[in-house]
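Engineer: Return a 3D structure for these sequence lines:
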Amino acid sequence: MGGFAMPTSTGGGADGDVEFEGKITWYVVLCAIIAATGGLMFGYDIGISGGVTAMDDFLKKFFHIVYVRKHEVKESNYCKYDNQGLQLFTSSLYLAAIIASFFASKACTKYGRKRTMQAASLFFLTGVVLDCAAMNLPMLIIGRIFLGFGVGFANQAVPLFLSEIAPVRIRGALNILFQLQVTIGIFIANIVNYFTSNLHPWGWRLSLGLAGIPASILCLGSLLITETPTSLIERKKQDEGLQVLKKIRGTNNVNAEFQELVRASEIAWQVKHPFRNLRKRNSRPQLIIGIMIQVYQQFTGINAIMFYSPVLFQTMGFRNDASLLSAVITGLVNVFSTIVSIVLVDRVGRRKLLLQAAVQMLIAQTIIGGILAAKLHDNNSLDKGLAIAVVVFVCVFVAGFAWSWGPLGWLIPSETFPLETRTAGYAFAVSSNMLFTFLIAQAFLSMLCHMKAGIFFFFAAWIVIMGLSAAFLLPETKGIPIDEMTERVWKKHPYWKRFVDDDGHELAEVEKGTQG
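Structural biologist: Below you'll find the predicted structure:
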C-alpha cells in the first residue's frame, strides 16, 4: 500500500546520525487499528462491569444480600455495595490476567505478537459465552477468569505490536490507539448499560454478551495484519522480516533500520533466560520505570471511578438512570481526551503531559473529596448543584488521566526495554498493572465504606507521589528509536546512568548475564 506522508526519522546508531527512511503507510495504520481492538475488549469490560453490578436483576440473581441492602435497609450511603463477592466479580478478571501475562510473554517471544493476540480473542470469547449464559456465581466467576486470560494476553501483545510496527516519529500516537480503543470501549459499554438496564430480567446478559463483538473483530481482523519485523527477525525469519519491513515502511531503502533490528536480535538470541536477565543492574532502570508507571496509573484512582462510576453516582444520590447517564458523560470525556494525547504525545513529549495532568488530577480529586466530606453524610443525598459539580470534577479528573497516565502507562514500558528483555520486562509491567487493578477493584467498595470521602484524599496523596517521581525519575523518550533507548536515554539520565554500564548492551555482558 502507498503512504500518505514521507517523513524520515533519526536512528540507527548511538550517535543518531543515520536516518531510518519510510512513509507512514496506510497498511501500518490499518494494522494498528485492528490490533488496538484488543483495547476495545479491555475497555468494554471495564465499563460494562460497573453498570451490570448496579442492575437490580443482576444483583437479585447473584448478590441478593446487596439488592436487599440497596432497597430495603437504611444503610450508609457509602456502604450499600460493600460486598466481597460483588467485588470479586470485577476483580477476578485481573487476578487471572496477572498469571496470563507471564504465559503471554513466552507466547510473544516463541509464536509472535500476532498469534498471541489471536489467542487473546479466543480466551475472551470463551469468557463471554460463560458469563452471558451464567446460571450461578461459580459459572460467572469462571467466565471472568477466561476474560482475564484474554485481557492478559492482549495487553501484553498489543502495545508491543504497535510500538514495533510504528515509524519512530509517530510511535506515541500509534501506540495510544490502544488506549483510545480502551476509552471507546468504556464509552460504548456505558451506553449499552444505559439501555439494557431497562430490559428486565435479561438486560445484564445482553450487556455481558455484547463483549463478544470486539473480541470477534480482533480474532478475524488479526488474519489481515502482518507480524512485526522485530518478532520475525527475533525468531530467525530474517528474509520475511526484511520484506515486511519494506512493506510497512513503503520503501525498499530500509537497510539501516533492518541492520539495527538484526543487531538487537543477535543480542537477544544470546539471552536464554530473559526473566533472569532482568535482575541485572543495567536492566533496573527500565524495570523500575515500567512497574512504577503501571502502579501509579492505578493509584490515581481512575479504575475505582471507571469500574464503579454508576455505583459511585448512586451513592451520591443519583437515580439509576441518572447515574448511568453520568457514566456515559465521563466515558465521552475519556474518549475525546485520549484523542488529545494522540495529537500531543509526539509533539509535547511524555513527561510534560504526565506532569501537567498530575496537577490537574490532584486538584479535581481534592475538590471532589472536599465536597463529599462536607455535604454527603451517611443517609442524605447531595443537592442537585453539588451533585452536578462532582460530575464536572470527575470529568476534569478523567480528562487529565486520559491524555497522560492512561495511554502513557502502556506506551512508555512498551518502548523502553531492549529487545533481549522486552517481552519479559513488559510482562512484569502488565502483571503489575493487573495486580494493582485487582487490588483496587477488590478493595474499593470496602474502602469507600470505611474511609468515606477520605478515599479521594487517599488517591490525591498518591498523585503527589507519582508527580514527583515523574519529575525526577522519568526520562523523555519522544523521538528515540526503541532499540537505541539504552545509549540515548538511560546512559544520559542524571540518575539512571549510574546503573547502565558503558558496555551494558554489549554481547560479552549479555553472555555473562545468561550464565547467572
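Engineer: Pull out the buried positions in stretch 358-372.
Structural biologist: 358, 360-369, 371-372 (16 or more other Cβ atoms under 10 Å). Placement of C-beta: from N, CA and C, glycine included.
Engineer: And the next helix or strand past whatever helix or strand Pro138 lives in?
Structural biologist: Element membership for Pro138 (DSSP states H and E) is helix 137-165. Going down the chain from helix 137-165, the next helix or strand is helix 171-196, by DSSP H and E.
Engineer: following that next one, which helix or strand comes up?
Structural biologist: helix 203-209.
Engineer: Could you list every helix and strand in contact with that following helix?
Structural biologist: Counting contacts by 3 or more Cβ pairs under 8 Å, 6 or more residues apart in numbering; DSSP states H and E, helix 203-209 packs against helix 37-52, helix 56-62, helix 113-132, helix 171-196.
Engineer: Reformat the ones you listed into JSON lines and put distance to Ala460, mean neighbour count and mean pLDDT next to each item.
Structural biologist: Shown next, in JSON lines, are the helices and strands packed on helix 203-209 (distance: least, Cβ to Cβ, whole Å; neighbours: other Cβ atoms under 10 Å; pLDDT from 0 to 100):
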{"stretch": "helix 37-52", "distance to Ala460": "22", "mean neighbour count": "28", "mean pLDDT": "89"}
{"stretch": "helix 56-62", "distance to Ala460": "31", "mean neighbour count": "19", "mean pLDDT": "92"}
{"stretch": "helix 113-132", "distance to Ala460": "34", "mean neighbour count": "23", "mean pLDDT": "96"}
{"stretch": "helix 171-196", "distance to Ala460": "23", "mean neighbour count": "25", "mean pLDDT": "90"}
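Engineer: pLDDT of whichever helix or strand Leu86 is part of, averaged?
Structural biologist: In the assignment (DSSP H and E), Leu86 maps to helix 84-111. Across helix 84-111, pLDDT averages out at 88.
Engineer: by how many degrees do the helix or strand harbouring Phe258 and helix 84-111 diverge?
Structural biologist: For Phe258, the element it lies in under DSSP H and E is helix 255-269. Computed by axes from the mean of the first three to the mean of the last three Cα atoms, to 10 degrees, the angle separating helix 255-269 from helix 84-111 equals 110 degrees.
Engineer: what about helix 255-269, distance to the chain center?
Structural biologist: Centre-to-centre, helix 255-269 and its host chain are 28 Å apart (Cα atoms, centre = their mean, to the nearest Å).
Engineer: can you check stretch 91-108 too?
Structural biologist: Distance, centroid of stretch 91-108 to centroid of chain: 13 Å (Cα atoms, centre = their mean).
Engineer: returning to that earlier point: list the buried ones in the helix holding Pro138?
Structural biologist: Under 16+ other Cβ under 10 Å, the buried positions of helix 137-165 are 140-165.
Engineer: Output the contacting helices and strands for the helix holding Phe258.
Structural biologist: The helices and strands touching helix 255-269, judged by 3+ Cβ pairs under 8 Å, 6+ apart, are strand 8-11, strand 18-21, helix 229-234, helix 238-249, helix 507-514.
Engineer: residues in contact with the spatially most central residue of the chain?
Structural biologist: Per Cα atoms, centre = their mean, the C-alpha nearest to the average position across the chain is that of Trp410, at 5.3 Å. Residues near Trp410 by Cβ atoms under 8 Å, 6 or more residues apart in numbering: 155, 159, 175, 178-179.
Engineer: for Gln294, same thing?
Structural biologist: So Gln294 contacts 409, 413, 429-430, 432-433, 436 (Cβ under 8 Å, 6+ apart).
Engineer: Who wins on neighbours among those residues?
Structural biologist: Val430 (32 neighbours; other Cβ atoms under 10 Å).
Engineer: excluding its backbone neighbours, what's nearest it?
Structural biologist: Nearest non-adjacent residue to Val430, counting by Cβ to Cβ, 6 or more residues apart in numbering: Ser101, 4.2 Å away.
Engineer: Can you give me the pLDDT of the residue nearest to the centre of the chain?
Structural biologist: For Trp410, the model assigns a pLDDT of 85.
Engineer: Just give me how far the strand or helix carrying it sits from the chain centre.
Structural biologist: Using DSSP H and E, Trp410 sits within helix 405-416. On the basis of Cα atoms, centre = their mean, helix 405-416 sits 8 Å off its chain's mean C-alpha point.
Engineer: Now do the helix or strand that that helix is followed by against helix 84-111, angle only.
Structural biologist: Counting by DSSP H and E, the next helix or strand C-terminal to helix 405-416 is helix 422-451. Between the axes of helix 422-451 and helix 84-111, defined by the same axes, to 10 degrees, the angle is 170 degrees.
Engineer: list the buried ones in helix 422-451?
Structural biologist: Neighbour count says helix 422-451 has 422-445, 447-449 buried, by 16+ other Cβ under 10 Å.
Engineer: And the contacts of the next helix-or-strand element following it?
Structural biologist: Next helix or strand after helix 422-451 toward the C-terminus (DSSP H and E): helix 454-473. Residues outside helix 454-473 that contact it (Cβ under 8 Å, 6+ apart): 288-289, 292, 296, 299-301, 304, 351, 354-355, 358-359, 361-362, 365-366, 368-369, 372-373, 405, 444, 447-448, 451, 495-496.
Engineer: how far off helix 422-451 does helix 454-473 point, in degrees?
Structural biologist: Using the same axes, to 10 degrees: helix 454-473 against helix 422-451 is 150 degrees.
Engineer: mean confidence score for helix 454-473?
Structural biologist: Confidence for helix 454-473, expressed as mean pLDDT, is 94.
Engineer: How many neighbouring residues does Pro481 have?
Structural biologist: Neighbour count of Pro481, defined by other Cβ under 10 Å: 24.
Engineer: Next, it: phi, psi?
Structural biologist: With angles defined as degrees, to the nearest 10, Pro481 sits at phi -50, psi 140.
Engineer: Where does pLDDT dip in the stretch 401-516 of the chain?
Structural biologist: Along the stretch 401-516 of the chain, segments meeting pLDDT under 70 span 501-516.
Engineer: cutoff 80 now
Structural biologist: In the predicted model of the stretch 401-516 of the chain, residues 419, 441, 445, 482-483, 501-516 satisfy pLDDT under 80.
Engineer: what's the answer for the stretch 251-400 of the chain, then?
Structural biologist: 267-268, 270-275, 303-327, 376-382, 384.
Engineer: all strands of it, in order?
Structural biologist: For the stretch 251-400 of the chain, applying DSSP state E, counting those that start in this stretch gives no strands.
Engineer: Stretch 197-208 - what's its average pLDDT?
Structural biologist: For stretch 197-208, mean pLDDT rounds to 93.
Engineer: Can you give me the end-to-end span of that stretch?
Structural biologist: Terminal residues of stretch 197-208 are spaced 12 Å apart (Cα to Cα, to the nearest Å).
Engineer: for it, the distance to its chain's centre please.
Structural biologist: How far stretch 197-208 lies from its chain's middle: 27 Å, per Cα atoms, centre = their mean.
Engineer: Mind listing residues that contact it?
Structural biologist: 48, 51-52, 54-55, 57-58, 60-61, 128, 131-133, 189, 192-193, 196, 320-321, 324.
Engineer: For it, list every residue counted as buried.
Structural biologist: 197, 203-205, 207-208.
Engineer: how far away is the residue nearest to Pro418 when sequence neighbours are not counted from Phe472?
Structural biologist: Distances taken as Cβ to Cβ, 6+ apart place Thr486 nearest to Pro418, at 5.9 Å, with adjacent residues excluded. Here Thr486 is placed at a distance of 20 Å from Phe472 (Cβ to Cβ, to the nearest Å).
Engineer: The two: who's more crowded?
Structural biologist: Neighbours per residue (other Cβ under 10 Å) separate Thr486 from Phe472, with Thr486 holding more: 20 against 9.
Engineer: Can you verify the more buried one is assigned to a helix?
Structural biologist: Yes - assessed with DSSP: H, G, I helix; E, B strand; the rest coil, Thr486 lies in a helix.
Engineer: Please report how far it lies from Trp496.
Structural biologist: Distance of Thr486 to Trp496, computed by Cβ to Cβ: 10 Å.
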